[in-house]
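Undergrad: Kindly generate the corresponding structure for this input.
(2 chains)
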Amino acid sequence: MVPDSPPVIIATDSPAHHPPRRNLPPGPSLRPARPTRRRTLPHIHPPSFSSPPSPSTTRFHHMSNERKTLDERAQMSDLERLRHSCAHVMATAILRLWPNAQFAYGPPVESGFYYDFDLPNHRITPDDFETIEAEMKKVARENQKFEKRIISREEARALAESGRLGGLGERPDNRSVFKLDLIDKIPEGEEISCYQNGDFIDLCAGPHVNYTSKCKNIKLMAVSSSYYLGDDSKPQLQRVYGTAFATPEELAQHLHNLEEAKKRDHRRLGKELQLFAVDEKVGQGLILWLPKGAVIRQQLQDFISEELRKTGYSQVFTPHIGKLDLYRTSGHFPYYKESQFAAIPERDQFQKLADEKCSCADLAAGLESGELDGYLLKPMNCPHHIRIFAQSPKSYRDLPVRLAEFGTVYRWEQSGELGGMTRVRAFTQDDAHLFCTPEQVGAEIIGCLKLVKTVLTTLGMNDYRVRVSLRDPDSSKYVGDPANWDKAEEALRQAAIWLGVPFTEEPGEAAFYGPKIDFVIKDVIGREWQLGTVQVDYNLPERFELEYIGADNTKHRPVMIHRAPFGSMERFTGVLIEHFAGHFPTWLSPEQVRVLPISEKSEVFASEVLAQLQAANLRATLDTAPDKIGAKIRNAQLERVPYMLVIGEKEAALQSVSVRHAKRGDLGVRPLDEFLADLVQEVASRSL
RNA sequence: GCCAGCUUAGCUCAGUGGUAGAGCAACGGUUUUGUAAACCGUCGGUCGUCGGUUCAAAUCCGACAGCUGGCUCCA
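TA: Numbers count the residues shown, from 1 in each chain, chains lettered A, B, ... in the order given. The predicted structure is shown next:
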């Protein structure tokens, strides 16, 4: 089973099979992932968008990762221009405080700006912000003019050699090392310029505002470390993030919005509403679904399952581990070793090796080479599903075969990347694998996209971005027939158009095994997360030698499609909590109705109301606490219970309920049976 | 993983070298209440863990664990 030659994915040794992260369009200021040389698992819900810089495909990146042309720079918006200037003002201020700082780069970003710099004998902390801001405001008051000067490459190099670039004056013995490197990166023939404000001169293509007085509505937001050029083999720099606006009012509004966003953070709401927990004793990145969160997940899964039944899927169940050989065949082990939990050696072999005083290194090497056998916590579900497909010979008449499972997978995320429900080490994909003929690929893709659209529309999530990853037309690293690729890519493109939402086509970003389409959504702090995905795969059927008998009575290789409309239940639920700010639609709410008797006098009728709600299969409770009605309402509001039924003596006499909705307020008195019928309908139709 | 910041009662937080605090929650009682907090009382903490400095540590130092943010939007 173990391939003699390196698996295909090793042979290609190209970054293209990593999920892309470099080609986000002008995206969030706070990146979803750090740059890394780790190999991250492909297919559904990649643990990160991480992929190493890809020299071989750089020229095909046509988005933000490609060097901006001077024309593009000139199109910088007014706000970006202001913020870019603020980065220079911040550099000026920092140099006045720490003259030996070496600056690397300082661009405007979506919500502000930052500057990366090396400062050997001081670590910036938030305590320094006040001082730096005060100095920045001073620079703004001095109203320095930003002056552009076009210089020759030689002159630029000379300025950098003397420490003048990114400095307030010449700094012998302190060459502008990063600027020198950046100068070397400017293509031959491109204009080189520097900008000066006051004493500060920086290598810069601009553009800038005219005077530093524009840069007074600023606030420093965060300090962090970064690697020069994002490469963890390069020196580590300090980065200070700031934000800036044209007016003080806009700045205040922005800061206010950030506060509001924090209140919607799924980690905060998850705790407040008791939806999920992460427990130190259980482990980092391992989500515990609390009873209320479990209700939401169960409702979502029921919803998906219903859609699957309608659209011809078969649901399956598979175990959480599989033999290492399975993943050697699939190519995941040991190639993606870095992203997996360590292999579990076979019990008896493990004991024998221990008796032989075998070292850990021997054990690891044995597992890797295949000399020793063992198991792996599954990093993805496809190999199991493939073996289900292969249980019986298939005819073209059997295709497509659609196997779905809420399958839990395990991935070894670096500790620094874990957080909330959006980046975890164990998560459940709403996974499915479709096995079809090459001719069926287009129709199947459309089917998948329809499902994704149904899901997102039902939940009112319309603010997402679609990314179509296509192959690099000049590369030969791809698996599968180019004609089939053309068809699959066209099908993906048509599907994206059909969806009617903004999408980007990204040539060169397809995995080596097939093109794909991803759904990307932003969280409350502006970070982008990949949710749903549909990926065509020509590779795994090859590696597992899958086949079916065609109409021509000969063997053919099926094509696989991986797809997950939610991505993972964890990440999706996290995003959903923020999307609704905890106010879930009634069908998803852990508690749908709370009955609030005004006093003990009304408790008998209130109990009857509760019984009827429960009989109608609604999730309802009764609040018999000795609180006043205002307090009961407040509690129910804070817990985001969508319907509150106030029951007093009037209501009891009329067999009616006084309805209050958590978002719509007091809806007045209604007959109980009428309210009940409407509510059952609202839940059944999954209304928003 | 790396850099920075943080970790005090179930929750939100005060306390910066000298006997651990508040509000909310919980619990007990009084109140029987009409659309976002009735009143009184009680309980609750080896100040993340381990080690060090000191007559004395929540407070200073170190290690570890966990949490949060960041780790090329390209001069």
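
Undergrad: drop to CA atoms for contacts and neighbour counts, all remaining ones
TA: OK.

Undergrad: so where's chain A shaky on pLDDT?
TA: Residues of chain A that meet the criterion pLDDT under 70 lie in A:1-74, A:524-525.

Undergrad: Residue A:553: neighbour count?
TA: Residues contacting residue A:553 under the criterion other Cα atoms under 10 Å number 10.

Undergrad: Can you tell me how far it is from residue A:366?
TA: Distance, residue A:553 to residue A:366, using Cα to Cα, to the nearest Å: 43 Å.

Undergrad: now do residue A:184
TA: Here the criterion is Cα to Cα. By it, residue A:184 lies 46 Å from residue A:366.

Undergrad: got it, and residue A:532?
TA: In terms of Cα to Cα, residue A:532 sits 37 Å off from residue A:366.

Undergrad: Between the two, which is the more surrounded one?
TA: Shown here are residue A:532 and residue A:366; by other Cα under 10 Å, residue A:532 has more neighbours (26 against 14).

Undergrad: Confirm that one sits in a helix?
TA: No - the secondary structure assignment for residue A:532 gives strand rather than a helix, going by DSSP: H, G, I helix; E, B strand; the rest coil.

Undergrad: got the contact list for it?
TA: A:44, A:45, A:452, A:518, A:519, A:520, A:563, A:564, A:565, A:566, A:567 (Cα atoms under 8 Å, 6 or more residues apart in numbering).

Undergrad: give me the element the third one is part of.
TA: Which is residue A:452. With elements delineated by DSSP states H and E, residue A:452 resides in helix A:441-458, which encompasses its position.

Undergrad: If we go by neighbour counts, what in that helix is buried?
TA: Within helix A:441-458, the residues that count as buried by 16 or more other Cα atoms under 10 Å are A:441-442, A:444-446, A:448-453, A:455-456.

Undergrad: Could you count how many residues lie near residue A:279?
TA: Taking other Cα under 10 Å as the definition, residue A:279 ends up with a neighbour count of 12.

Undergrad: let me fix that: residue A:152
TA: Here the neighbour count serves as a burial measure; for residue A:152 (other Cα under 10 Å) it reads 12.

Undergrad: got the contact list for the closest residue to it other than its chain neighbours?
TA: The shortest distance from residue A:152 to any residue other than its chain neighbours is 6.5 Å, reached at residue A:192 (Cα to Cα, 6 or more residues apart in numbering). Contacts here follow Cα under 8 Å, 6+ apart; on that basis residue A:192 touches A:150, A:151, A:152, A:153, A:156, A:186, A:203, A:204, A:205.

Undergrad: Now stretch A:534-541 - C-alpha only, CSV.
TA: Taking only C-alpha atoms (Å, rounded to 0.1, in the frame of the first residue of the first chain), the coordinates of stretch A:534-541 have been written out as CSV:
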residue,chain,number,x,y,z
VAL,A,534,-17.0,23.0,-3.1
GLN,A,535,-13.8,21.3,-4.5
VAL,A,536,-13.3,19.2,-7.5
ASP,A,537,-10.8,16.4,-7.0
TYR,A,538,-9.1,14.4,-9.7
ASN,A,539,-6.4,13.1,-7.4
LEU,A,540,-7.9,10.9,-4.8
PRO,A,541,-9.9,8.7,-7.2
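
Undergrad: Report the contact partners of the residue nearest to residue A:321 when sequence neighbours are not counted.
TA: Computed as Cα to Cα, 6+ apart, the closest residue to residue A:321 that is not its neighbour in sequence is residue A:377, at 4.4 Å. Residue A:377 is in contact with A:320, A:321, A:322, A:340, A:341, A:343, A:344, A:409, A:410, counting by Cα under 8 Å, 6+ apart.

Undergrad: Inside strands: which ones of the residues you listed?
TA: Members of these lying in strands (criterion: DSSP state E): A:321, A:322, A:344, A:409, A:410.

Undergrad: Helices along the stretch 351-500 of chain A, start to end?
TA: In order along the chain, the stretch 351-500 of chain A carries the following helices (DSSP state H, counting those that start in this stretch): A:360-369, A:382-389, A:441-458, A:482-499.

Undergrad: The last one versus helix A:441-458: what angle between them?
TA: Note on geometry: by axes from the mean of the first three to the mean of the last three Cα atoms, to 10 degrees, helix A:482-499 and helix A:441-458 are set 30 degrees apart in direction.

Undergrad: Any chance you could list what contacts helix A:482-499?
TA: When contacts are defined by Cα under 8 Å, 6+ apart, helix A:482-499 is touched by residues A:438, A:441-443, A:445-446, A:449, A:453, A:466, A:468, A:470, A:503, A:514-517, A:536.

Undergrad: Can you mark which positions in it are buried?
TA: Of the residues in helix A:482-499, those buried (16+ other Cα under 10 Å) are A:484, A:485, A:488, A:489, A:491, A:492, A:493, A:495, A:496, A:499.

Undergrad: quick revisit: nearest to residue A:387, of the contacts of residue A:192?
TA: Nearest to residue A:387 among the contacts of residue A:192, counting by Cα to Cα, is residue A:186 at 51.9 Å.

Undergrad: For the closest one, give me its contacts.
TA: Remark: with contacts taken as Cα under 8 Å, 6+ apart, residue A:186 is in contact with residue A:192.

Undergrad: Against residue A:130, how distant is it?
TA: Noted for residue A:186: a distance of 36 Å to residue A:130, by Cα to Cα.

Undergrad: same question, residue A:626
TA: Distance from residue A:626 to residue A:130, counting by Cα to Cα: 50 Å.

Undergrad: before we move on, which element is the residue most central in space within chain A in?
TA: Within chain A, one residue has its C-alpha closest to the average C-alpha position: by Cα atoms, centre = their mean, that is residue A:529, at 1.8 Å. If you go by DSSP H and E, residue A:529 is part of strand A:528-537.

Undergrad: in its sheet, what does that strand sit against?
TA: When pairing is defined by DSSP bridges, strand A:528-537 lines up against strand A:516-522 (antiparallel), strand A:559-564 (antiparallel).

Undergrad: Downstream of it, the next helix or strand is which one?
TA: Using DSSP H and E, the next helix or strand after strand A:528-537 towards the C-terminus is helix A:540-543.

Undergrad: which other residues reach that following helix?
TA: The set of residues external to helix A:540-543 that reach it, using Cα under 8 Å, 6+ apart, is A:329, A:330, A:513, A:547, A:557, A:558, A:559, A:560.

Undergrad: My read is that the last one contacts residue A:536, right?
TA: Translated: residue A:560. Yes - shown here, residue A:560 and residue A:536 form a contact pair, counting by Cα atoms under 8 Å, at 6.1 Å.

Undergrad: Ok, which of the helices of the stretch 351-500 of chain A comes nearest RNA strand B?
TA: Smallest distance to RNA strand B across the helices of the stretch 351-500 of chain A (Cα to the nearest atom of the strand): 18.8 Å, for helix A:360-369.
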